[in-house]
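# show me how the following folds:
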Amino acid sequence: MLFWRGLGGPELTPEFRFDPERRWRADFAHVESRTLIEIEGGIFLAGGGRHNRASGFAADAEKYLEAMKPVELEAQ
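Got it, this is the predicted structure:
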């Protein structure tokens, strides 16, 4: 985030919930442009971390595919 701010990036919403039914959240979102940002981690953890285990990787893939689905936006 420090790098992002240093480059003058727009304000991001942390822990943005994009699926209330599944309670999935993205690490960050730029709501105006409808952009979700996920930071993958854990590759240097003993055991590889959640993102590098088969079950965690599969769950992340499902989440990313769901996040790409078009949604209807309500008029404000």
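# neighbours around residue 27, how many?
Counted with other Cβ atoms under 10 Å, the neighbours of residue 27 add up to 15. To be clear about C-beta, it is placed using only N, CA and C from the backbone, and glycine gets the same treatment.
# SS state for it?
At residue 27 the chain is in strand, as set by DSSP: H, G, I helix; E, B strand; the rest coil.
# residue boundaries of the strands in this protein?
Taking DSSP state E as the test, the strands found in the chain are 13-19, 24-30, 35-37.
# in the protein, where is pLDDT below threshold?
41-52, 71-76 (pLDDT under 70).
# which strands and helices sit next to the longest helix belonging to the chain?
In the chain, taking DSSP state H as the definition, the longest helix is helix 54-67. For helix 54-67, the elements it packs on are strand 13-19, strand 24-30, judged by 3 or more Cβ pairs under 8 Å, 6 or more residues apart in numbering; DSSP states H and E.
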